[in-house]
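K.L.:
model this:
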Amino acid sequence: MAKHPKDHSALDIALSDVLKELLDASPLSLRGAAKAAGMSHNRLGKITRHDTPPASPGEIDHIAKVFGTTASAVFAAAELRLVSSDGYALAASDPRADETSADGNDAAAEDGQSV
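P.N.:
Numbering: from 1, shown residues only. Next up, the predicted model:
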């Protein structure tokens with residue numbers, strides 16, 4: 001293990017929670033799911049317990065496939081939790097978030113909307 005383990009972000013925790021719920025809802029055991037995902041049961045256990053390091057996108061993809069879903073769906077479910085639980089809104093959810101008008105002002109602000 002690294003001398004200074006990486007802290008988990010809110011998204012890392014939400015991703016682990018989604019994966020844990022998929023595991024709990026499936027008929028597979030931790031060992032069975034890990035084997036199907038091509039990883040050790042120790043690693044899958046660490047991911048679902050929020051141990052370090054957090055799951056990589058590749059690991060999330062392998063685990064998601066075991067449960068008949070996609071990494072994109074897992075990320076979307078995790079991001080939705082952040083939006084609903086913390087009132088946290090992703091800037092990317094507003095496609096105009098990075099737009100500026102010709103005069104350099106924020107396009108959303110010109111419409112009287114907050115970003």
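
K.L.:
OK, contacts around the closest residue to residue 20 other than its chain neighbours?
P.N.:
The shortest distance from residue 20 to any non-neighbouring residue, by C-beta to C-beta, 6 or more residues apart in numbering, is to residue 48 (4.1 Å). C-beta here means a position set from N, CA and C on the backbone, and glycine is covered the same way. Shown in contact with residue 48 (C-beta atoms under 8 Å, 6 or more residues apart in numbering): 16, 19-20, 23, 30.

K.L.:
filter these down to the buried ones, PyMOL style.
P.N.:
The PyMOL command for the buried members of these (criterion: 16 or more other C-beta atoms under 10 Å) is given here:
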select buried, resi 16+19+20+23
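
K.L.:
of the contacts of residue 48, just say which sits nearest to residue 54.
P.N.:
residue 16 (7.1 Å; C-beta to C-beta).

K.L.:
and the contacts of the host helix or strand of the closest one?
P.N.:
Assigned by DSSP states H and E, residue 16 belongs to helix 10-25. The contact list for helix 10-25 (C-beta under 8 Å, 6+ apart) reads 8, 30, 33, 44, 47-50, 54-55, 60, 63-64, 67, 69, 74-75, 77-79, 81-82, 86, 88.

K.L.:
list the buried residues of that helix.
P.N.:
For helix 10-25, by 16+ other C-beta under 10 Å, it's 12, 14-16, 18-20, 22-23.

K.L.:
then stretch 22-40?
P.N.:
Neighbour counts over stretch 22-40 (16+ other C-beta under 10 Å) mark 22-23, 28, 33-34, 36-37, 39 as buried.

K.L.:
could you export these as TSV, including pLDDT?
P.N.:
Below are the buried residues of stretch 22-40 laid out as TSV (pLDDT from 0 to 100):
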residue	pLDDT
22	97
23	97
28	97
33	98
34	98
36	98
37	98
39	98
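
K.L.:
which ones among those map onto helices?
P.N.:
22-23, 33-34, 36-37 (DSSP state H).

K.L.:
low-confidence stretches in the chain?
P.N.:
1-6, 85-115 (pLDDT under 70).

K.L.:
hey, where'd the helices end up in it?
P.N.:
Under DSSP H, the chain gives helices at 10-25, 30-37, 41-48, 57-66, 71-86, 107-110.
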